[in-house]
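Predicted structure and sequence below. I'll ask about it afterward.
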Amino acid sequence: MSRDRERFLAIINPAAGGGRCGKRAKPVLAELRASGLPMDVVWTRRPGEATLRARAAYREGYRSFLIVGGDGTTFEVLNGVFPEAEGEPERPRLALLPLGTGNSFLRDFLVEEVASGTPSGDAEAALQRVREALRQGRARACDVLRLVHREGVLYFLNLLSVGFPADVAAVTNRWFKPLGEAGYLLGVFACLVRLKRRAFPVRVEDAPEMDARRCLFLTFSNSKFTGGRMLIAPHADPCDGLIEYVRWGPIGRIGLLRQLPGLFDGSHIAHPLCERRAVRRIEFSLEGPVPVMVDGEVLHVQCQRLDVLPAAIEVMI
C-alpha cells in the first residue's frame, strides 16, 4: 500500500559536492517545508546507505523521493527503488536537488531552456527550477536504463561508459574529486598520458555480428551530459524510450588532444572515427569484469545486456 503520493522522503548525502551539500541542504529543505511541501528526512553517513534507505522506504509505501546530492546519490536511490518498481502501475517520482559535484542529468533540461530562449545559470538555475516544479507539482516521465551483469542488475538515469570515460572517472574519483568540474578535466589529462584503446565486443540492436573493433570508448546514454559539462551524447533524449549509443574508434593521443573541446560541445560525433545510433538493446560478449563508469560511479562488472525501461519514473522538473 503506497503512502500519500504528495509526501516526499528526502534522502540527503551530506558528503556530495565535497561536503557542500551538507552545508546547503538545511536552508533549502527549510524553504521547501515553509512552502508547504510535506516530507520526511533521512541523512546518509556512508556509501550505499541511500540505496538501503530508499529500498526500505519504497517497501513502506513511499513513492516520492527528494534526492539531495549529485548524480551518484541519484544512482543509489534509483537502485533502491528498482527492481521492485518495475511494472508497478504507479511510477516512482524523483525530485533531484543538485547539490553534488556533477549534476549532469538535470543539465539536459536546462539546455532545453536555453534553446527556448529562457536564461540558464547551471546548478543554481537547476535548483530554482526543481523548487518551482515541487511547488507546482510539475513532473515529466523519463526513461531508466537497465544493465544486466554477471552478478546482478543495475539501473541508471544518466549513462554507462567503458573505456576512456571510465578510466577518467576512476582517476578523478581517486585523486581530484574535491575539485569539482576542474577535477574531471585533470582526470582527462592524466589518462591521456597512458591512453588505452581496447575492444569491448557488443552486438547493437539487431546487428548480425558482434562488433569487436578496438575503440577509445563506448557510451550508452539516457541523457546528454557527463562529468558536469561534457556533452558526450548530444542526441540523447531521456524521454524518447531509446538508448543513445556512441562509439569512438581508436583515435591517437595527438588526435584526441585536438578533439578534446569537441567532447564539451558535442562536435566529436562528427569525427570520422565516431559513430552513434539510437537503439533499444545492447548485448555484450566480455571475457570478464571491466571498469565501467555509471552515473559517476566506477564499478567492475561483467556486462551482459542493456535495455531501456521507457517512462519508468517521473522527474520533477
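All right, it came through fine.

number of nearby residues for the closest residue to F109 other than its chain neighbours?
Closest residue to F109 apart from its sequence neighbours, by CB to CB, 6 or more residues apart in numbering: I317 at 5.0 Å. All C-beta spots, glycine's among them, are computed from the backbone N, C-alpha and C. When neighbours are defined as other CB atoms under 10 Å, I317 has 23 of them.

I317 and D108 touch, don't they?
No: I317 lies out of contact with D108 (CB atoms under 8 Å); the separation is 9.2 Å.

I'd like to know how far the residue nearest to F109 sits from L96.
8 Å (CB to CB, to the nearest Å).

Mutual contacts of these two, please.
Taking CB atoms under 8 Å, 6 or more residues apart in numbering as the contact rule, I317 and L96 both touch L106, V130.

Can you list the helices and strands that the strand with the most length in the chain packs against?
When the chain is parsed with DSSP state E, its longest strand is strand 303-316. Contact partners of strand 303-316 among helices and strands, from 3 or more CB pairs under 8 Å, 6 or more residues apart in numbering; DSSP states H and E: strand 93-98, helix 122-136, strand 139-149, strand 243-248, strand 281-284.

Now do that strand and strand 93-98, the angle between them.
Relative orientation of strand 303-316 versus strand 93-98 (axes from the mean of the first three to the mean of the last three CA atoms, to 10 degrees): 90 degrees.

Mind exporting the C-alpha coordinates of strand 303-316 to CSV?
The C-alpha trace of strand 303-316 is given here as CSV (Å, rounded to 0.1, in the frame of the first residue of the first chain):
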residue,chain,number,x,y,z
CYS,A,303,28.2,-6.6,-18.6
GLN,A,304,25.8,-9.0,-20.3
ARG,A,305,22.9,-6.9,-21.8
LEU,A,306,21.5,-3.4,-21.6
ASP,A,307,18.0,-2.2,-22.4
VAL,A,308,15.6,0.7,-21.6
LEU,A,309,12.5,0.9,-19.4
PRO,A,310,10.5,3.7,-21.2
ALA,A,311,8.8,6.3,-19.0
ALA,A,312,9.6,4.2,-15.8
ILE,A,313,9.9,7.2,-13.5
GLU,A,314,8.6,10.8,-13.1
VAL,A,315,11.2,13.5,-12.6
MET,A,316,10.1,16.8,-11.0
